[in-house]
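Student: below are the sequence and a predicted model for it; my questions follow.
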Amino acid sequence: MPVLNRIAAYAEEMKGWRRHLHQHPELSFDCVNTAAFIADRLREIGVDEIHPGIAKTGLVGIINGTGPGPTIGLRADMDALPIVEVTGAAYASTVQGKMHACGHDGHVTMLLGAAKYLAETRRFAGRVALIFQPAEEDGAGGQVMVQEGIMDRFDIAQVYGIHNAPNMPFGHFFTTPGALMASVDTAFVHITGKGGHGATPHDCVDPVVAVVGMVQAIQTIIPRNVYALDEAVISVTQIHTGTASNIIPEKAMFCATIRSFKPEVRALLKKRFHEIVEGHAAAYNVTARIDYDWGYPATVNTAENAAFATEVAAEISGPDAAHGNGNREMGSEDFSYMLEVRPGAYLFLGTGPGAGLHHPAFDFNDEAAPIGASFFARLVERAQPLA
């Protein structure tokens, strides 16, 4: 089964939705106008219930099927990024310094397209919960929606999501059972020594030397403490210190992003990070304060749901384009919080050549929206068939 014919007929309307959203990006939890646009479309579509104000600007729409049954959740994130757009598109961002550089405008469009089809046809039992989530990029909006009780409030039994994947084959779906995306933690290390003249280092306590030692030693954590088949990454991404060529500064700082798939590996990385920083601080006679931000957990698919989603993807894109044992990746995603409390699966949808995610030249491929919408719609019909 290719793209559903009814959804194919929405293609131009969906393109209009997506490009409107692209022109009006909003950040984090401040998706006020985005949520209003979505609510207006849901009313036009004829969904049965609209519940706004979840996680500040998130909303859930409910579509009732034909006959009793469980509720399946479909999620789309809707926030943008603080990036200056350089696409030059006629529908480029109208908000300086903000743009949809990760395709969340496309994710919303796919879910709206599926909603329109499902509200028209209602060839399923039970209910569909359409989850429009703010603050995926910054703020863990998925966690907040879970904490505010959407799973119990709407009696959601299983939940699914899609992310677009530029530079992967167009129309191909990729997922895997178990961990698909990594957890992400961030460490900020603030070091204090004793500043002074660069000509008299013996009168100083040099934080620069301490930073160099700590950063080099941190690079030994993974090859010497983590089992070789347990993937993990520690990348030091910032070092800041100093004001002049002849001054030994008093303070320095560095930060690192820390990623893994297993909870026990995640805990080990934190433990060893603290031990190395604290040990080096003592060795270099500096003080060190570690602000360790415990971030998004790993995105872990339920094996059964990932296999089922792959079957549905094969109906839409063909068996050769549905990859159910794909590679996992070190990126992170706050859909992970939803998968911690309900079974489900997350998939990538290839959108063909183009600028990568979070790049100022990125633009979602509108041709992919009907494919994603068809997947969501068929997923509901397969998961909750009419008796």
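Tutor: Looks like it arrived, so ask away. Residues are numbered from 1 along each chain as shown.

Student: per-domain residue ranges of the chain.
Tutor: Domain ranges of the chain: 5-180+299-383, 183-293, per automatic domain parsing.

Student: show me where pLDDT drops low in the stretch 1-150 of the chain?
Tutor: Low-confidence segments of the stretch 1-150 of the chain, defined by pLDDT under 70, are located at 1.

Student: where do the helices sit along it?
Tutor: 5-8, 11-23, 32-45, 104-121, 141-147, 150-153 (DSSP state H, counting those that start in this stretch).

Student: quick one: closest of these to residue 210.
Tutor: Nearest to residue 210 among the helices of the stretch 1-150 of the chain is helix 141-147 (34.8 Å), distances taken as Cβ to Cβ. (Glycine included, C-beta is placed from N, CA and C.)

Student: related to what we said a few turns ago, can you redo the domains of the chain as a markdown table with mean neighbour count?
Tutor: Below are the domains of the chain laid out as a markdown table (neighbours: other Cβ atoms under 10 Å):
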| stretch | mean neighbour count |
| --- | --- |
| domain 5-180+299-383 | 20 |
| domain 183-293 | 17 |
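
Student: residue 372 and residue 146: what is the separation?
Tutor: The spacing between residue 372 and residue 146, counted by Cβ to Cβ, to the nearest Å, is 23 Å.

Student: no no, residue 255
Tutor: Taking Cβ to Cβ as the measure, residue 255 falls 27 Å from residue 146.

Student: which non-adjacent residue is nearest residue 95?
Tutor: Distance criterion Cβ to Cβ, 6 or more residues apart in numbering; nearest residue to residue 95, sequence neighbours excluded, is residue 25 at 5.6 Å.

Student: how about residue 6?
Tutor: Take residue 6 and drop its neighbours on the chain: the residue closest to it by Cβ to Cβ, 6+ apart is residue 117, 5.5 Å away.

Student: and what of residue 387?
Tutor: Spatial nearest neighbour of residue 387, excluding adjacent residues (Cβ to Cβ, 6+ apart): residue 67 at 6.4 Å.

Student: tell me the SS of the closest residue to residue 332 other than its chain neighbours?
Tutor: Setting aside the residues directly before and after it, residue 332 is nearest to residue 184 in space (Cβ to Cβ, 6+ apart), at 3.8 Å. Secondary structure state of residue 184, per DSSP: H, G, I helix; E, B strand; the rest coil, is strand.

Student: so residue 184 sits against residue 295, correct?
Tutor: Yes. Counting by Cβ atoms under 8 Å, residue 184 touches residue 295, with 4.4 Å between them.

Student: list the residues that contact both of these two?
Tutor: Common neighbours of residue 184 and residue 295, counting by Cβ atoms under 8 Å, 6 or more residues apart in numbering, are residue 332.

Student: quick one: the helix ranked longest in the chain to chain centroid distance?
Tutor: In the chain, ranked by residue count with DSSP state H as the criterion, the top helix is helix 263-284. Distance, stretch centre to chain centre, for helix 263-284: 27 Å (Cα atoms, centre = their mean, to the nearest Å).

Student: what packs against it?
Tutor: With contacts defined as 3 or more Cβ pairs under 8 Å, 6 or more residues apart in numbering; DSSP states H and E, the packing partners of helix 263-284 are strand 183-192, helix 207-218, helix 221-225, strand 232-241, strand 251-260, strand 287-293.

Student: reformat the ones you listed as JSON lines; add distance to residue 316.
Tutor: Shown next, in JSON lines, are these (distance: least, Cβ to Cβ, whole Å):
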{"stretch": "strand 183-192", "distance to residue 316": "30"}
{"stretch": "helix 207-218", "distance to residue 316": "44"}
{"stretch": "helix 221-225", "distance to residue 316": "39"}
{"stretch": "strand 232-241", "distance to residue 316": "33"}
{"stretch": "strand 251-260", "distance to residue 316": "31"}
{"stretch": "strand 287-293", "distance to residue 316": "38"}
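
Student: redo those as TSV? Include mean pLDDT and distance to residue 15.
Tutor: Putting the helices and strands packed on helix 263-284 into TSV (pLDDT from 0 to 100; distance: least, Cβ to Cβ, whole Å) gives the following:
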stretch	mean pLDDT	distance to residue 15
strand 183-192	98	33
helix 207-218	98	47
helix 221-225	98	44
strand 232-241	98	37
strand 251-260	98	35
strand 287-293	98	38
